[in-house]
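Participant: Take a look and give me a structure for this.
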Amino acid sequence: MFSKPVVFIVGAGAGKDYGLPLGGALASTIASDLRKLNRLIGGDNDLVDVLLSSRGRDSLPKYIEAGRMLGAAISSSVSIDDALYLLSESPEAVELGKICISRSILEAEGNGALQIRRDTGRMNPDAGKDGWIEQVFSMAIANHKLCEVSRAFDNLTFINFNYDRCLEHYLFWSLQRIGLPVSDAINIVRGLSIIRPYGTLGTILPRAPDTLQFGELSRLEVFMAKDRIRTYTESEALNKDHLRRVISDAAMHIFLGFGFHHQNLELLSVLESMPVRNGAKQVLATVFGIDPANIDQLRLSLQAIVKVHAERIELLDKTATQLLRDLRLRIMMAVG
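Facilitator: Here you go, the predicted model:
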């Protein structure tokens, strides 16, 4: 159980457990889509169909040029988000990028470890049991009776920089796996504190206005989903006051698979005027695959964001799952 406020800051690296693409892989997939688009003069590619159905055939040349620009920007960018920021003054490039993101993420959801089985319409009960979300789930429900599980997530906030819905999807099915009825699982997932700086493709919960089934890849759904996600330049929709309270009040911040990109660090920098504080607040962060020469600067950046002394920040060469599994005892002793 979590008896103190904890914030999980989730980046693309955390999605690797579930078959979701990292920033570079997502950009590569989108670049491939754009090359197909740019080879067309008026073909029947599904990406073109999505555009033609809403914008008309006369708009195709404008989108082909935007696709060329976006493909070129991706080739020199760390991620698709960086490329879209570069071309933020081109509405066609931004819209095209969002369509490509939506399609790529939905395809990855549908083919990944947490996919919905066609024969049952459910997630496999054993799916994702070796991933980081199971570690969080297991810690959250510990020392709770089944009738108390509705309160198990009250002290958790997730700042999720990803577009996918693996977190909500996994928790929805796992709550049912341990014996809760569907209605209770819906209410618990609906009540989760999740901040999404870049929006989401839609909720996985049934019968909501923006419901989009996990992995659903129809043309209509792809087109509708792109209006629910945001680029960095559209992040003014983020409730900075709420984010400030969450970061300030947390006893522990756990960064999982976070890439420490400049624009994402900027979005988290909402405590600028506050001094560095003493106290028991802790920061744990995965830095798996990051060159050690970057570690000191990363620690300084996190110190500026969370406002704790550097010795309270621990950067670990582990994956998201490894951090939560290996440090479970320590986390529970600190905030359990």
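Participant: what ranges of this protein fall below the confidence cut-off?
Facilitator: Low-confidence segments of the chain, defined by pLDDT under 70: 23-24, 36-54, 56-57, 235-237, 273, 275, 277-279.
Participant: And the helices in it?
Facilitator: 23-38, 46-55, 60-75, 80-86, 91-111, 132-141, 166-177, 182-190, 219-225, 240-249, 262-268, 295-306, 320-326, 328-335 (DSSP state H).
Participant: Next one: the residue most central in space within the chain from residue 109, what distance?
Facilitator: In the chain, the centroid-proximal residue (Cα atoms, centre = their mean) is residue 162; its distance is 2.0 Å. For residue 162, the distance to residue 109 (Cβ to Cβ, to the nearest Å) stands at 11 Å. (Glycine included, C-beta is placed from N, CA and C.)
Participant: who wins for proximity to residue 274 among the helices of the chain?
Facilitator: helix 240-249 (7.2 Å; Cβ to Cβ).
Participant: Can you name the residues in contact with that closest one?
Facilitator: 5, 7, 157, 159, 193, 195, 253, 268, 270-271, 274, 305-307 (Cβ atoms under 8 Å, 6 or more residues apart in numbering).
Participant: List just the nearest of the residues you listed to residue 62.
Facilitator: For the contacts of helix 240-249, the nearest to residue 62 is residue 195 (34.7 Å; Cβ to Cβ).
Participant: So that closest one sits against residue 160, correct?
Facilitator: Yes - the criterion here is Cβ atoms under 8 Å, and residue 195 meets it with residue 160 at 7.1 Å.
Participant: Please say which of those two ends up with more neighbours.
Facilitator: More neighbours surround residue 160 than the other of residue 195 and residue 160, with 24 against 18 (other Cβ atoms under 10 Å).
Participant: Would you check how far apart the residue nearest to the more buried one when sequence neighbours are not counted and residue 271 are?
Facilitator: Excluding its sequence neighbours, the residue lying closest to residue 160 (Cβ to Cβ, 6 or more residues apart in numbering) is residue 10, at 4.6 Å. Noted for residue 10: a distance of 20 Å to residue 271, by Cβ to Cβ.
Participant: Which one's more surrounded, these two?
Facilitator: Legend: neighbour count by other Cβ under 10 Å for residue 10 and residue 271, higher for residue 10 (25 against 17).
Participant: Quick check: bridge partners of the more buried one?
Facilitator: residue 160, residue 256 (DSSP bridges).
Participant: residue contacts, it?
Facilitator: Contacts for residue 10 (Cβ under 8 Å, 6+ apart) come out as 158, 159, 160, 161, 162, 167, 256, 257, 258, 320.
Participant: Just give me the closest of those residues to residue 230.
Facilitator: Nearest to residue 230 among the contacts of residue 10, with distances taken as Cβ to Cβ, is residue 161, at 11.1 Å.
Participant: how about the closest one, phi and psi?
Facilitator: Dihedral pair for residue 161: phi -90, psi 0, per degrees, to the nearest 10.
Participant: right, and it touches residue 197 too?
Facilitator: Yes - when contacts are counted by Cβ under 8 Å, residue 161 is listed as touching residue 197 (5.9 Å).
Participant: what touches both of those two?
Facilitator: Residues touching both residue 161 and residue 197 by Cβ under 8 Å, 6+ apart: residue 264.
Participant: Compare neighbour counts for the two and give me the winner.
Facilitator: Remark: of residue 161 and residue 197, residue 161 carries more neighbours, 22 against 19, as counted by other Cβ under 10 Å.
Participant: Could you find the closest non-adjacent residue to that one?
Facilitator: Setting aside the residues directly before and after it, residue 161 is nearest to residue 11 in space (Cβ to Cβ, 6+ apart), at 5.3 Å.
Participant: okay, now residue 143: neighbour count?
Facilitator: Counted with other Cβ under 10 Å, the neighbours of residue 143 add up to 12.
Participant: ok, it - contacts?
Facilitator: Residue 143 neighbours (Cβ under 8 Å, 6+ apart): 1, 336.
Participant: quick one, phi/psi of it?
Facilitator: Taking degrees, to the nearest 10 as the convention, residue 143 sits at phi 60, psi 20.
Participant: Where do the domain boundaries of this structure fall?
Facilitator: 1-20+117-197+238-336, 23-111 (automatic domain parsing).
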